[in-house]
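J.: no sequence on hand, only this structure:
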């Protein structure tokens, strides 16, 4: 009898799900208008505010992170509004498309894929807007298509100086992986998704809304119904939801957030940072070149250039031989890079296993020596044991 394969997800999402969360997911559903469910919503809302480090409303939507980002845009802006969009990867590119789809006037600030957005460019454009016509700045914090993290703290400080513009931020793969103090950084709208740092399956998204953002909803004229955030805020007053939510995913969310509180924010951030350092430095020891700027590596994913090796064939070999799923490159990067996710419920063992599989595959191709493979593990252990 063949042994069933045990696929290990080392991608930026969906991420591995803890057993306790899976058990919570398998509970028998309850009525979403029941007192039991209201108690559940109250608990998850309080823990979401803890995770976001905010006193703001944090709303839960049944939908992906894209739904939360779209909701942030259509609830606070109007057709013809002028916005800045940061673009240095696939997801920044997506928000440009969404903004244009809704008739917004887009000022694009971009940088080459693999390099971070330059905060000073945002500062310049915002300062030059003396008439305060710019209504929002839309950007991605952790750009998983390239493995780059942008300097959200500095950019958000320039947005706050502008006073009128809202910050609408994709924190889908940064929230729950690194420090995103929503109130301290004066972030207005922060979107995230369940299948990332939250350690639960896809299907829920979350959006934090400041009072400044809520004030902007009064002027917005873009069409909305299911994603009308006013209805979510009204329902939240009674710990409810305006529509039928994914009840079992909320069971899972409750368990995952309890696990995160038990670990503690600082420990969560330290764990993701050491995994980033262990992965990136061990891959360099294998003569692989990181795709992202080394001073701005995402805590969630490491992107790697493969040179003459076809990245898709390399990923296929890893999956077939070791049951480890790595992510590929997107658009013009397809076949040129692979990406190793280390986000959410990832253990030191997972990091070592992925590095070993990559080393073994390179060894079989004749690209490295056995000594280099051993050195890569030695480097990884140094970072893992240091924390």
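T.: In hand now; what should we look at? Please read these numbers as outputs of a predicted model, since none were measured by experiment.
J.: so what are the domain limits for the chain?
T.: 8-14+264-385, 19-262 (automatic domain parsing).
J.: TSV for these, including mean pLDDT and mean neighbour count?
T.: C-beta here means a position set from N, CA and C on the backbone, and glycine is covered the same way. Below are the domains of the chain laid out as TSV (pLDDT from 0 to 100; neighbours: other C-beta atoms under 10 Å):
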stretch	mean pLDDT	mean neighbour count
domain 8-14+264-385	97	19
domain 19-262	98	20
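J.: contact partners for residue 103?
T.: Neighbour list for residue 103: 79, 80, 222 [criterion: C-beta atoms under 8 Å, 6 or more residues apart in numbering].
J.: got those as a markdown table, with secondary structure and distance to residue 170 columns?
T.: As requested, these are exported to a markdown table (DSSP: H, G, I helix; E, B strand; the rest coil; distance: C-beta to C-beta, whole Å):
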| residue | secondary structure | distance to residue 170 |
| --- | --- | --- |
| 79 | coil | 22 |
| 80 | coil | 23 |
| 222 | coil | 18 |
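J.: out of these, the closest to residue 216 would be?
T.: Closest approach between the contacts of residue 103 and residue 216, by C-beta to C-beta: residue 222, at 11.3 Å.
J.: show me the strands in the protein, by range?
T.: Secondary structure of the chain by DSSP state E: the strands cover 8-10, 57-62, 82-87, 105-110, 134-140, 142-143, 148-149, 166-170, 189-193, 204-209, 289-290, 301-305, 324-328, 337-341.
J.: go through those and name the closest to residue 261.
T.: Evaluated over the strands of the chain, closeness to residue 261 peaks at strand 57-62, with 14.6 Å, by C-beta to C-beta.
J.: give me the distance from the closest one to the chain's centre.
T.: Relative to its chain's centre, strand 57-62 lies at 16 Å (C-alpha atoms, centre = their mean, to the nearest Å).
J.: packing partners for that strand?
T.: Taking 3 or more C-beta pairs under 8 Å, 6 or more residues apart in numbering; DSSP states H and E as contact, the helices and strands that strand 57-62 lies on are helix 35-52, helix 65-76, strand 204-209, helix 229-236, helix 247-263.
J.: sheet-wise, list the partners of it with their directions.
T.: Counting by DSSP bridges, the strands paired with strand 57-62 are strand 204-209 (antiparallel).
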